[in-house]
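>>> Sharing a sequence plus its predicted fold:
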Amino acid sequence: MNEQLIKAFRVVHKITEAGGKAHIVGGALRDALLQRETGDVDIATSFTPEEVMKVFEKVIPVGIEHGTVIVRYQSESFEVTTYRTEEGYEDYRHPDKVAFVRSIEEDLARRDFTINAMAMDDTEKVIDPFCGQQDLNDKVIRAVGNAEERFKEDPLRMMRALRFCSQLEFKLEKATHEAMITQAHLLNYISTERIAAEFEKLMAGPGFKEALKICKNVELYRWFPIFKEEPGLIDQIPRVRLYSFAEVIAFYREFSSTFTSEWIKEWKLSNRVKRETVQLSEALSRFKIGEKLSWIVYKIPDSLIIPFSRLATALELTLSEEVLLEEHRKLSIQDRKELAFQAEDLLNVLNERDKGPWIGQLLEEIEYAVVTNQLVNSYQSIKEWAIKWNLPETD
Ligand code: ATP
Ligand code: MG
């Protein structure tokens, strides 16, 4: 058991000592039972936020109206939420009201899938009213209760189901799968940002190929931006999983008639993702026209070298991470500032010329020649090169 989980059990224990009931719930318990790395640990309790605040010194009230506080304990943060149910998802988005309930079982019933609807107390006893442990063993994603009703309540759950299929390499249980076919259209009510967050996780999971097949089969993609206008995109399956949205967009861009800027806008992505997508796509174009690898790795930010090699592999291009990293290691300069010859030197050497755009153009040529090892990065050799460049043309 990892350090974070041990501390979470101490939090559960302290609430129990103070007379409350508390359980570790959700993804952390699921992942612990699967012996997977856990993300955030969520704790459910019979105590109200006010009562939780009395037990711990540092409590941040983040969502009192939903019964949630963050407990800071031994340098870790835990989301502690009062047992509750959610009712009346009239607008398919937010429950109209949350009601606090008395038992953990009632709280578990509001959760999405059986594997996410288990709880563990401080004696490590598992409460599992929907046979989540069985489904963990069988590797299936099964909605808690009636799948159709559960997807109607919150259509985002359909995206979550696919995301878990991919992350855990689980199969979709039959009734859950069938409900998705009839309810897929409700995804229309879900914000693009939330769809995007789940889609990104789906594409980064080891089971992404299967998840994409289900996505196609239940036609959920028909409610994704761009895919709705270009349905053929769903047939494009990357050869390897992609770890960031920039890689994902750069991948689909290759098969799409929509510009990168539109992809970014329609999927409501950040400027950072936009910048990275553009940089990845530029590197890809350079590679496809046969540009020298040294120039490609020089032009792309260091942080995108591995994403770029993944993207290339996803597109079935022959370009390995090792080759790119080796090219990067061998680069003669990392930045134009490292050129042994700068703009002032150029003006000094070619002093009969007036200032003008030629300076920038020539520096770029020098930069290219140095990076691609056609020119040594020394003052003398660049000077000679510049003088030769400036000679009047003869023939
Ligand atoms: P992750 O490992 O990505 O954090 P998770 O299962 O913990 O996965 P969270 O979004 O952190 O997912 O939610 C925590 C728990 O809250 C879930 O395990 C599930 O029990 C419940 N939950 C989250 N979202 C929903 C939802 N849309 N409908 C019903 N229950 C949900
Ligand atoms: Mg979680």
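Okay, I see it. Ligands and ions are numbered 1, 2, ... in the order given.
>>> distance of the residue of the chain found nearest ligand 2 from N137?
Nearest to ligand 2, among the residues of the chain, is G27, at 3.6 Å (Cβ to the ion). Any C-beta I mention is one placed from the backbone N, CA and C, and that applies to glycine too. As judged by Cβ to Cβ, to the nearest Å, G27 and N137 stand 18 Å apart.
>>> okay, these two: which has more neighbours?
Regarding G27 and N137, a neighbour count based on other Cβ atoms under 10 Å identifies G27 as having more, with 17 against 11.
>>> So which residues on this protein come close to ligand 2?
Contact residues (Cβ under 5 Å from the ion) of the chain with ligand 2: G27, G39, D40.
>>> Not counting sequence-adjacent ones, nearest residue to the second one?
Closest residue to G39 in three dimensions, ignoring its sequence neighbours and counting by Cβ to Cβ, 6 or more residues apart in numbering: G27, at 5.9 Å.
>>> which residues does the one you found contact?
T38, G39, D40, D42, N116 (Cβ atoms under 8 Å, 6 or more residues apart in numbering).
>>> Is it correct that L317 is in contact with R286?
No: L317 is beyond contact range of R286, at 12.0 Å (criterion: Cβ atoms under 8 Å).
>>> Those two: who's more crowded?
Neighbour totals were compared for L317 and R286, and R286 leads with 16 against 13 (other Cβ under 10 Å).
>>> I'd like the distance between that one and ligand 1.
36 Å (Cβ to the nearest ligand atom, to the nearest Å).
>>> Check N348 too.
Counting by Cβ to the nearest ligand atom, the gap from N348 to ligand 1 is 60 Å.
>>> Ok, G207 next?
From G207 to ligand 1 the distance is 14 Å (Cβ to the nearest ligand atom).
>>> Please shift the residue numbers so they start at 47 in all later answers.
Fine by me, first position is 47 from now on; the one you just mentioned is G253.
>>> Show me how the record splits the protein into domains.
47-184, 185-269, 271-377, 384-436 (automatic domain parsing).
>>> Any part of the longest one near ligand 1?
This means domain 47-184. Yes: judged by Cβ under 6 Å from any ligand atom, domain 47-184 and ligand 1 are in contact via G72, G73, G85, D86, D88, R157, D158, N162, A163.
>>> Make a ChimeraX selection of the buried ones in those residues.
In ChimeraX, this line selects whichever of these come out buried by 16 or more other Cβ atoms under 10 Å:
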select :72,73,88,157,158,162,163
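>>> Now render the residues of domain 47-184 next to ligand 1 as CSV, adding pLDDT and secondary structure.
Below are these laid out as CSV (pLDDT from 0 to 100; DSSP: H, G, I helix; E, B strand; the rest coil):
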residue, pLDDT, secondary structure
G72, 96, helix
G73, 96, helix
G85, 86, coil
D86, 92, coil
D88, 97, strand
R157, 97, coil
D158, 98, coil
N162, 98, helix
A163, 98, coil
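>>> Looking at the residues of the chain next to ligand 2, which is nearest ligand 1?
Ligand 1 lies nearest to G73 out of the residues of the chain next to ligand 2, by Cβ to the nearest ligand atom, at 2.1 Å.
>>> other SSEs contacting the longest helix seen in the chain?
As assigned by DSSP state H, the longest helix anywhere in the chain is helix 317-334. Packing partners of helix 317-334 (3 or more Cβ pairs under 8 Å, 6 or more residues apart in numbering; DSSP states H and E): helix 291-299, helix 306-312, helix 339-345, helix 351-360.
>>> just the angle between that helix and helix 351-360, please?
Interaxial angle of helix 317-334 relative to helix 351-360 (axes from the mean of the first three to the mean of the last three Cα atoms, to 10 degrees): 60 degrees.
>>> What does I379 show for phi and psi?
Backbone torsions of I379, given as degrees, to the nearest 10, read phi -140, psi 160.
>>> Could you tell me how far it is located from I352?
In terms of Cβ to Cβ, I379 sits 21 Å off from I352.
>>> cool, and G336?
22 Å.
>>> quick one: E256 and C211 touch, right?
Yes: under the criterion of Cβ under 8 Å, E256 makes contact with C211 at 6.2 Å.
>>> Just want to know which of these two has more residues nearby.
In this view E256 and C211 are compared by other Cβ under 10 Å, and C211 has more residues nearby, 26 against 17.
>>> tell me the phi and psi of A189?
phi -60, psi 150.
>>> again with H69
Torsion angles, degrees, to the nearest 10, at H69: phi -140, psi 150.
>>> To what extent is it buried, counted in neighbours?
26.
>>> Chain neighbours aside, what residue packs nearest to it?
Using Cβ to Cβ, 6+ apart, the closest residue to H69 is A165 (3.7 Å).
>>> what's across from the one you found in the sheet?
V71, I173 (DSSP bridges).
>>> Provide a list of residues in contact with it.
Applying Cβ under 8 Å, 6+ apart, the residues near A165 are H69, I70, V71, L75, A90, I150, D153, L154, V172, I173, D174.
>>> my guess is the first one meets A163, correct?
No: contact between H69 and A163 fails when scored by Cβ under 8 Å: they sit 11.5 Å apart.
>>> Neighbours of V294, how many?
26.
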